[in-house]
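[1] structure of the sequence below:
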Amino acid sequence: MEERVQVGILGGGQLGRMLALAGYPLGVYATLYDPEPSACAGQVAPLLSAPYDQWELLARFAEGKACITYEFENVPLPTAQWLAERVPVRPTPRALELFQDRLLEKRFLHEVGIPVPRFAEIPPQQPLAALEAVGCPCVVKTRRFGYDGKGQQVAHSEEEFLQAVQRLGAQPLIVEELVPFDREVSVLGVRSLHGEVAVYPLVENYHRGGILRLSLAPAPNTSPQLESAAREYVTRLLQELDYVGVVAIEMFQVGERLLANEVAPRVHNSGHWTIEGAETSQFENHLRAICGLPLGSTAPRGYSAMVNLIGELPPTREVLAVPHAHLHLYGKQPRPGRKIGHITVRADSPEERETLLQKVFALYPSGRV
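    Numbering: from 1, shown residues only. Next up, the predicted model:
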């Protein structure tokens with residue numbers, strides 16, 4: 001008889017959708033919790049729709065679950081903490097507490113020896129004290145709820161800095177140096193319930209308008225030293241937090257140095273290539289980890305590229321006619337700036353990857369960077 005494991009997922013977006021789909025072959029069945037009744041993950045798994053402070057419904061949601069996880073980091077911390085008193089929540093709510101807040105995030109990374117850009121808390125009454133610590137050019141950011149480029153503004157002078165503080169200052173702020181990076185990269189790691197750690201190859205990312213458009217995996221032109229540093233940093237984070245599940249660190253590469261920009265305590269957009277491009281996808285490995293199962297191999301299957309579909313869809317028939325192209329639609333209505341799907345291409349060489357990518361861009365020029 002099939003052994004069924006029941007897990008709960010806080011959030012019903014595309015990450016919850018892909019987690020639920022990855023669970024079925026493993027005998028892992030997900031129930032989702034999201035305030036939005038039309039959340040797209042509800043198309044593939046049972047969805048309980050209610051606010052995050054409805055304790056009676058949360059108690060019903062927790063019943064019979066081996067554990068609970070989350071698919072985005074802005075789940076209210078009190079909700080995760082309340083559930084953790086009744087059923088294991090993995091990753092720990094401590095990860096939510098740290099990585100919901102850019103100031104706590106940067107302090108933690110600095111304390112555990114993961115390099116970060118210069119940063120400072122902005123005191124509401126003396127904002128220029130923070131600017132003195134960081135200098136210009138800089139980026140003023142809200143401490144919470146920034147995502148896909150939201151809640152931040154670049155300043156090249158004291159005047160622009162003060163204008164940014166005034167524009168964003170209805171909530172706590174942080175300022176960071178503007179890093180003259182060579183490229184943006186990310187590393188995804190996963191740690192099991194028993195302390196086993198596995199790390200995916202470094203990925204090169206391209207953004208436009210603050211939104212990820214393209215990921216190349218493995219990242220081209222990566223030295224062994226750079227790959228080793230990325231593995232060391234993500235492993236250190238996982239172990240310091242006694243973390244269980246997948247985590248992503250987005251980083252700036254400056255020469256042969258890596259500076260951590262943001263941490264996502266969950267499966268991540270820059271890891272979508274792993275569905276076809278790795279021996280074990282990030283979604284399957286996250287479920288393996290939180291359910292106490294052995295981790296799968298993170299080895300790449302050749303060379304992959306992932307193109308985000310933002311706001312509009314290319315013609316399905318033409319996409320599927322591209323060799324080694326894989327289309328993933330999220331069941332969401334198109335609208336400007338919205339992630340509604342992605343395309344992954346997989347190849348046996350970097351040159352073949354580039355050729356296939358150009359064919360995708362011919363069909364979907366919005367993905368070109």
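[2] part of a helix, is Pro201?
    No - assessed with DSSP: H, G, I helix; E, B strand; the rest coil, Pro201 is coil; it does not lie in a helix.
[3] next up, the contacts around the nearest residue to it once chain neighbours are set aside.
    Closest residue in space to Pro201, ignoring its immediate chain neighbours: Pro218 at 3.8 Å, by C-beta to C-beta, 6 or more residues apart in numbering. Where C-beta positions appear, they are placed from N, C-alpha and C, glycine not excepted. Listed by C-beta atoms under 8 Å, 6 or more residues apart in numbering, the contact set of Pro218 reads 201-203, 300, 303.
[4] ok, Ile68 next?
    Contacts of Ile68 (C-beta under 8 Å, 6+ apart): 7-10, 62, 83, 87-90.
[5] same check, this time on Val7
    The contact partners of Val7, by C-beta under 8 Å, 6+ apart, come to 23, 28-31, 65-69, 287, 290-291.
[6] what mean pLDDT does stretch 41-57 get?
    Mean pLDDT, computed over stretch 41-57, is 97.
[7] Gln163 is in what secondary structure piece?
    helix 158-168 (DSSP states H and E).
[8] scan the contacts of Val7 and report the most crowded one.
    Thr69 (30 neighbours; other C-beta atoms under 10 Å).
[9] counting neighbours, what do you get for the residue nearest to Gln43 when sequence neighbours are not counted?
    Excluding its sequence neighbours, the residue lying closest to Gln43 (C-beta to C-beta, 6+ apart) is Gly331, at 4.8 Å. For Gly331, the neighbour count with other C-beta under 10 Å is 15.
[10] just checking, Gly331 touches Ala45?
    No - with contact defined as C-beta atoms under 8 Å, Gly331 does not reach Ala45; the gap is 11.9 Å.
[11] any common contacting residues for those two?
    Arg17.
[12] for Pro180, see how far away the residue nearest to Pro201 is.
    Using C-beta to C-beta, to the nearest Å, Pro218 is found at 24 Å from Pro180.
[13] and for His324?
    Relative to Pro180, His324 is positioned 36 Å away (C-beta to C-beta).
[14] swap in Val75?
    34 Å.
[15] of these two, who's got more company?
    More crowded of Val75 and Pro180, by other C-beta under 10 Å: Val75, with 23 against 8.
[16] next, work out how far apart that one and Ile114 are.
    Distance, Val75 to Ile114, by C-beta to C-beta: 24 Å.
[17] ditto for Arg236
    6 Å.
[18] same check, this time on Leu357
    31 Å.
[19] middle-most residue in the protein, spatially?
    His268 (2.8 Å; C-alpha atoms, centre = their mean).
[20] give me the nearest residue to Pro37, chain neighbours excluded.
    Ser49 (4.3 Å).
[21] which residues of the stretch 1-150 of the chain score low on pLDDT?
    Low-confidence segments of the stretch 1-150 of the chain (pLDDT under 70): 1-2, 146-150.
[22] 80 instead, please
    1-3, 145-150 (pLDDT under 80).
[23] helices of that one, residue ranges please.
    For the stretch 1-150 of the chain, applying DSSP state H, counting those that start in this stretch gives helices covering 14-23, 55-62, 77-84, 93-99, 102-111, 127-134.
[24] helices and strands around the last one, which ones?
    So the one you mean is helix 127-134. Where contact means 3 or more C-beta pairs under 8 Å, 6 or more residues apart in numbering; DSSP states H and E, helix 127-134 is packed against strand 119-122, helix 158-168, strand 173-177.
[25] just those: most buried one?
    Ranked by mean neighbour count, the helices and strands packed on helix 127-134 are led by strand 173-177 with a mean of 22 (mean count of other C-beta atoms under 10 Å).
[26] following the chain past that strand, name the next helix or strand.
    Assigned by DSSP H and E, the successor of strand 173-177 is strand 183-191.
[27] pull out the buried positions in that following strand.
    If you call a residue buried by 16 or more other C-beta atoms under 10 Å, then strand 183-191 has these buried ones: 184-191.
[28] follow-up on the earlier one: could the helices of the stretch 1-150 of the chain go into a markdown table alongside distance to Ala39?
    Listed next are those as a markdown table, based on distance: least, C-beta to C-beta, whole Å:
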| stretch | distance to Ala39 |
| --- | --- |
| helix 14-23 | 7 |
| helix 55-62 | 14 |
| helix 77-84 | 16 |
| helix 93-99 | 19 |
| helix 102-111 | 26 |
| helix 127-134 | 38 |
